[in-house]
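Asks: A predicted structure for the sequence below; I have some questions about it.
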Amino acid sequence: MRKIRLKLDKKYCKKCNAVDSLTNQTPATWRANATDIEVGAFENDLPIDLTGYTNLELVIRPDRVTSTNLAYQLSATPDSTTILAADWTAGTAQHVTFSLTDAELNFDLNSKERETYWLAVTASDPSGNETTLGTSWLIIEEDNNATADPPPEYPGAGIGENIIDAKGDLIVGLADDTPDRLAVGTDGQILIADSAETSGVKWGAASGTGDMLAATYDPTAVAGDVFDMDNMVETATNKILTAAERAEIAANTAASHAAVTVSDSAEIDFTLTGQDITASLIASSIDETKLDPSVNASLDLGDSASQPGHTHVASTDIVATGTPSSSTYLRGDDTWATITGGGDVTKVGTPVDNQLGVWTGDGTIEGNTNLTYDGSTLGVTGNITVTGTVDGVDVGDRDHDSVTLAGAPSYITKNANQQLTLHDVDLTSEVTGNLPVANLNSGTGATASTFWRGDGTWATPSGTANTDMGLAVSDETTDLTASTTTPLGTFHAQKAGTFSEILIGVTTAPTGSTLTADVHLNNTTIFSTKPTIDATEKTSVTAATAAVLSTTAYAKGDIIELFCDSVGATVAGTGLKFYFNQS
């Protein structure tokens, strides 16, 4: 079997000039000679990793613009997803091999010694996109000897005709870009969508079937007869209007009735006009014998007179206990009774909401502006005079004629029954002078070193206040020099304490680089991140990186050394100071 090794370039289109790596020429083979085409896919002269690539296809066509396939091969996955360039060169590795039979290469050369064809290799990348791995020209030579079956016909890039097996087969999709055959169903079945099926559809019987007889529903072979009322058949419960009934309905175009009078006696008229019904009693027509109280006690108002226009007399027509008169009234318990109470009440003036009424004379009430009540609050304007006791206390003991001021300073006294309202004292405007120490816990424990504590005692405060200290370690004009071994200043702690923060500052700002300082406690730095002054700045307060203390406590007598580790590269800086915030 002949062999061709094609080194394809995915990135660059070389106008189909890929060559056979075995001959370094345009790939060629004999007509009707089985040939293996070994493919290596490269990009920038490096083998491509074909992991995740599927549906590798080789097509051979008459030229670059004709879509008819003369030969076609499909490899579902690469033979090798990764190969080494050295192995490709040695001829021991390739991504995929397409093996074409002698029949597949039995091309019609049109009586020529050779023909040139176009060859392309494509694949689906991991994202499902169709991509061309490379193209080449392929020469088929006539050997005038080989015999083989005619080459098969190929459908090109579409669906192959061999997917259909029988009349009525359908092509359905199993998934994206995945066609398949659905075999024809049996006679009378219909196509039904069913997501449970692999293809999403199936053949099945139609539901709700039945016969509509043409002889009954379409006797004259006209589709409109199906709904002709004359062709409908009545049943015991399903009725159809007859021709006579329809004629009666059509004749009654006003959809109403002429006047009809129904009289069941000489006493009641019943009239139906259109859709309106009128009923009335005929005047002077009711027979009192039909309202006999001896038969129906609730109808004891009957008399021999006709009801329309009849006047009832209370003394005879209304049955109740008691005697009706000009001073009695019918009460709810069917009793003639005299209303208790009497006399007239007359208002004076114009009533105003919430005012209380006050008697202003015999039988007159007038609203008083000094007395109001809104449902919850009683309002009184003016003096209130009270006699007797309130809450069991004599009113006289609640009335203050005088207030006694006594003591030093003065204060208000009251007897056991007097009541006073106490108010807060404004210390800024209502109190002057100093409060004597003796008035606080009688002055017990008050000395020059004690203070009034919140629990009401004089006590000496514990602890001390923070102490801040600043030290200059150079003059104001001389450039600083850097040293991590020679301190610019040294001192001993005069008492134990704790550093809460250490800052540095200069008179002349460093430029060109950062200035860095350090503090040693007993020969060891106390910083995990040393204080710095950024270029063109004068204080560590604005440093991009803040200093971090790793040691804060010191003891009395500890030695403290101050260093300048680095200075500005262009301007060193002058006038270095250390500032200690201590507690």
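Replies: That came in fine, so what should we check first?

Asks: so where's the stretch 451-583 of the chain uncertain?
Replies: For the stretch 451-583 of the chain, the stretches with pLDDT under 70 are 463-467.

Asks: what about Asn434, neighbour count?
Replies: 6 (other Cβ atoms under 10 Å). For glycine as for every other residue, the C-beta is placed from the backbone atoms N, C-alpha and C.

Asks: need the pLDDT of it.
Replies: Listed pLDDT for Asn434 reads 78.

Asks: got it, and Thr147?
Replies: pLDDT, Thr147: 68.

Asks: go on, the one 10 residues further on?
Replies: Ala157 is assigned a pLDDT of 51 by the prediction.

Asks: what about Val571, neighbour count?
Replies: 18.

Asks: what do you get for the one 4 residues further on?
Replies: Using other Cβ under 10 Å as the criterion, Gly575 is surrounded by 17 other residues.

Asks: so how far is Asn110 from it?
Replies: Per Cβ to Cβ, to the nearest Å, Gly575 is found 100 Å from Asn110.

Asks: excluding its backbone neighbours, what's nearest Ile339?
Replies: Tyr329 (6.1 Å; Cβ to Cβ, 6 or more residues apart in numbering).

Asks: for the one you found, what are its contacts?
Replies: When contacts are counted by Cβ atoms under 8 Å, 6 or more residues apart in numbering, Tyr329 touches 336-339.

Asks: I'd like those residues as TSV, with neighbour count, pLDDT and secondary structure appended.
Replies: As requested, the contacts of Tyr329 are arranged in TSV below (neighbours: other Cβ atoms under 10 Å; pLDDT from 0 to 100; DSSP: H, G, I helix; E, B strand; the rest coil):
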residue	neighbour count	pLDDT	secondary structure
Trp336	18	86	strand
Ala337	16	86	strand
Thr338	11	85	coil
Ile339	9	81	coil
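
Asks: in JSON lines, list the residues you listed along with distance to Ala472.
Replies: Formatted as JSON lines, the contacts of Tyr329 follow (distance: Cβ to Cβ, whole Å):
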{"residue": "Trp336", "distance to Ala472": "120"}
{"residue": "Ala337", "distance to Ala472": "116"}
{"residue": "Thr338", "distance to Ala472": "116"}
{"residue": "Ile339", "distance to Ala472": "111"}
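
Asks: quick one, helices of the stretch 101-250 of the chain?
Replies: Using DSSP state H, counting those that start in this stretch, the helices of the stretch 101-250 of the chain run over 214-217, 243-251.

Asks: hey, least reliable of those helices by pLDDT?
Replies: helix 214-217 (a mean of 65).

Asks: what separation do you get for Gly200 and Ala206?
Replies: According to Cβ to Cβ, Gly200 and Ala206 sit 19 Å apart.

Asks: neighbour-wise, which of the two wins?
Replies: For Gly200 and Ala206, the more surrounded residue by other Cβ under 10 Å is Gly200, and the numbers stand at 14 against 9.

Asks: give the contact list for Ala120.
Replies: Listed by Cβ under 8 Å, 6+ apart, the contact partners of Ala120 are 58-59, 61, 132, 134-136.

Asks: for it, list each beta-bridge partner.
Replies: With DSSP bridges as the criterion, Ala120 is bridged to Val59, Thr135.

Asks: go on, the one 10 residues further on?
Replies: Here Glu130 sits in beta bridges with Ser124, as judged by DSSP bridges.

Asks: from Ala76, how far off is it?
Replies: 15 Å.

Asks: which of those two has more neighbours?
Replies: More crowded of Glu130 and Ala76, by other Cβ under 10 Å: Glu130, with 12 against 7.

Asks: any idea how far Lys3 is from the more buried one?
Replies: 28 Å.

Asks: how about Thr447?
Replies: The value you get for Thr447 to Lys3, if Cβ to Cβ is used, is 114 Å.

Asks: out of the two, which sits in the more crowded spot?
Replies: Lys3 (14 against 10).

Asks: that one reaches Asp36, doesn't it?
Replies: Yes: Lys3 is within contact range of Asp36, at 4.8 Å (criterion: Cβ atoms under 8 Å).

Asks: Leu133 - how many residues pack around it?
Replies: Per other Cβ under 10 Å, the neighbour tally for Leu133 reads 26.

Asks: going forward, count from 19.
Replies: Let's use 19 as the start, then, which means that last one is Leu151.

Asks: quick one on the thing from earlier: okay, among the contacts of Ala138, which ones form the most distant pair?
Replies: Arg79 and Gly152 (14.9 Å; Cβ to Cβ).

Asks: who has more neighbours, these two?
Replies: Gly152 (24 against 20).

Asks: per-residue pLDDT, the more buried one?
Replies: For Gly152, the model assigns a pLDDT of 89.
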